[in-house]
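> Pasting a predicted model and its sequence here:
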Amino acid sequence: MSDRLQIALPAEIDSLLPIRRFIERACAQAGLDDETSYDIKLAVDEACTNIVQHGYAGLNPGSMIVSLQYGTHKLVVHITDFGHPFEPSEPPEPDPETALSGKLGGIGLYFIYRSVDSVSYEATESGNTLTLVKDLSRTQE
């Protein structure tokens, strides 16, 4: 890993657009292709939206810290919050019938898991950190 970029913002809906723009700039700086950049933006946006909607539910909005580190062969994003812990286990593929009924939940996690190569999560007394890894060697073939 070589370059590391970071942004910290309140865990509020109004912070999602600045985080998207941060990820766009970081992906451009890393020289990522459009498809890989889209995958990273989607995964980070879904994760941050979940933090805003669920991580701080019933709490005063705290902060979200998004750090992105990249090198020649991989990109790693750490998203840290200080809200309720949540174990983001890989969800099953969504059922189209359920989606059409409007009762679909967990689709954000499905998108996260499909957008990156590795997802891990750690909840400690000093915060909750979701780590997303994208293997860049696959995109350079």
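Sure, I can see it. Keep in mind it's a predicted model, so treat the numbers as computed, not measured.

> Wait, residue 136 touches residue 72, no?
Yes. With contacts counted by C-beta atoms under 8 Å, residue 136 reaches residue 72, the gap being 7.1 Å. Quick note: C-beta positions are derived from backbone N, CA and C, even for glycine.

> the more surrounded of these two?
Remark: of residue 136 and residue 72, residue 136 carries more neighbours, 19 against 9, as counted by other C-beta atoms under 10 Å.

> Backbone dihedrals for that one, both of them.
phi -80, psi -20 (degrees, to the nearest 10).

> Contacts only, for it.
Listed by C-beta atoms under 8 Å, 6 or more residues apart in numbering, the contact set of residue 136 reads 32, 36, 70-75.

> By neighbour count, which of those wins?
That'd be residue 75 among the contacts of residue 136, by other C-beta under 10 Å, with 26 neighbours.

> For that one, give me phi and psi.
The phi/psi pair for residue 75 (degrees, to the nearest 10) is phi -120, psi 130.

> What strand or helix carries residue 121?
Taking DSSP states H and E as the criterion, the element that holds residue 121 is strand 118-124.

> just residue 26 next, same as before
According to DSSP H and E, residue 26 maps onto helix 16-30.

> go on, residue 88?
Applying DSSP H and E, one finds residue 88 in no helix or strand.

> Check whether it really touches residue 116, as I assumed.
No. Using C-beta under 8 Å, residue 88 is not in contact with residue 116, being 11.6 Å away.

> Tell me which of those two has more neighbours.
Using other C-beta under 10 Å, the more surrounded residue of residue 88 and residue 116 is residue 116, with 23 against 17.
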